[in-house]
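S.K.: Based on what follows, work out the 3D shape:
(one chain, ligands or ions: 1)
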Amino acid sequence: MEEATPGTLRDWGEDAVIARLCAGLPGGPDVLEGPGDDCAVLRTAVPGVWRLLKTDCVVEGVHFVSGTEPCRVGWKAAARAVSDFAAMGGGQPSEAMITLIAPPERSMVWVEGLYAGLRKCAEAFGFAIVGGETSRPPAGCEGAVISVALSGIIAEPGCRFRRGAQPGDGIWVTGRLGGSFASGKHLDFQPRLAEARWLVERVEVTAMMDLSDGMGRDLPRMALRSGVGFRLDGAAVPRSPGATLDEALGDGEDYELLLAVRGGIGEECLEHWARAFPGVALTRIGEFLPQGGGDPMRPGGWDPFQSHGAEH
Ligand SMILES: [Mg+2]
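M.R.: Numbers count the residues shown, from 1 in each chain. I've put the predicted structure just below:
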């Protein structure tokens, strides 16, 4: 008999749990990118067109507090998946399937509000909602769970991965980080889909991901995936009003883009950016280095198995 793996999910932490689960998963001839990036990437029958798949969920008491307007919960549930499409270079979502787990006591008004938010996101980003599943939690569990699975496409030359960063590439970030829960941004954020496409078209982006678990956790993930080190200039990290550097690196749920850029971004290009996306910062915050160089892989950010509290 095989020896049982010791420990709990908390002991292991999310990244180690996922690495353990994903080792040796069945693949397929059309799988270009399996687990480990923001979306799975698959070959299609059309040359130069790749399919993106993503699934994501929000849990009451974890990703939103009870009493949050259901329309905002619906927006967040769908926009999180759209943000992962942005992270691949700005893929176009086309179809979504929704799984709703809610206790029988939940009001129809709440569920209709949730769907109003899901529909609003679908209309804003041009995808259909084509099915799903409903169920209930076990007795005694009063929270709802909403899971969104999203399918879509991206043109091969526009697709970016987490694994492409090279030593010497600049580390850039969109927007401002930290305080997403305090400000309510985590419920109302705009996925950076148009921004991702703009950047891929005009700048030599070598790697991209979205910031969902906090820079302190997500930047080391990109570095690890790319086989590089990094040096982060803390003073350059653009912070949300009132946010400390620790909050900017550790709060999570920023839904901004983190990118590796070769050759910098010129003044003229930055001026175009400012005109195209007024109010959205685009900031260089450090540099990728050869593996083993620079900052240690500092722990921080959000881990569903190790972090505490509702609305972490
Ligand atoms: Mg992501």
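S.K.: How confident was the prediction at Leu289?
M.R.: At Leu289, the model reports a pLDDT of 95.
S.K.: Now the residue lying closest to it once chain neighbours are set aside: phi and psi?
M.R.: Counting by CB to CB, 6 or more residues apart in numbering, the nearest residue to Leu289 once its immediate chain neighbours are dropped is Gly229, at 4.1 Å. All C-beta spots, glycine's among them, are computed from the backbone N, C-alpha and C. Main-chain dihedrals, Gly229, degrees, to the nearest 10: phi -100, psi -180.
S.K.: neighbours around Gly229, how many?
M.R.: Neighbourhood size, Gly229 [other CB atoms under 10 Å]: 20.
S.K.: At which residues are the strands of the stretch 201-312 of the chain located?
M.R.: 205-210, 229-232, 257-261, 282-289 (DSSP state E, counting those that start in this stretch).
S.K.: Same list (those strands) but as TSV, adding distance to Gly126.
M.R.: Below are those laid out as TSV (distance: least, CB to CB, whole Å):
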stretch	distance to Gly126
strand 205-210	19
strand 229-232	35
strand 257-261	19
strand 282-289	24
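S.K.: Would you mark the buried spots in stretch 270-278?
M.R.: Neighbour-count burial for stretch 270-278 flags Trp273, Phe277 (criterion: 16 or more other CB atoms under 10 Å).
S.K.: now that stretch, how far from the centre of its chain.
M.R.: Computed by CA atoms, centre = their mean, to the nearest Å, the chain-centroid distance of stretch 270-278 equals 23 Å.
S.K.: can you start the count at 52 instead of 1 from here on
M.R.: Got it, first residue is 52 now, which makes that one stretch 321-329.
S.K.: Quick one: mean pLDDT over that stretch.
M.R.: 98.
S.K.: residues making contact with it?
M.R.: Ala245, Glu246, Trp249, Arg253, Ile316, Val331, Leu333 (CB atoms under 8 Å, 6 or more residues apart in numbering).
S.K.: Relative to the ion, which of the residues you listed is nearest.
M.R.: Glu246 (14.8 Å; CB to the ion).
S.K.: one step back: just the buried ones out of the contacts of stretch 321-329, please.
M.R.: Glu246, Trp249, Ile316, Val331, Leu333.
S.K.: Can you add distance to the ion and give these back as JSON lines?
M.R.: Formatted as JSON lines, those follow (distance: CB to the ion, whole Å):
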{"residue": "Glu246", "distance to the ion": "15"}
{"residue": "Trp249", "distance to the ion": "19"}
{"residue": "Ile316", "distance to the ion": "22"}
{"residue": "Val331", "distance to the ion": "18"}
{"residue": "Leu333", "distance to the ion": "19"}
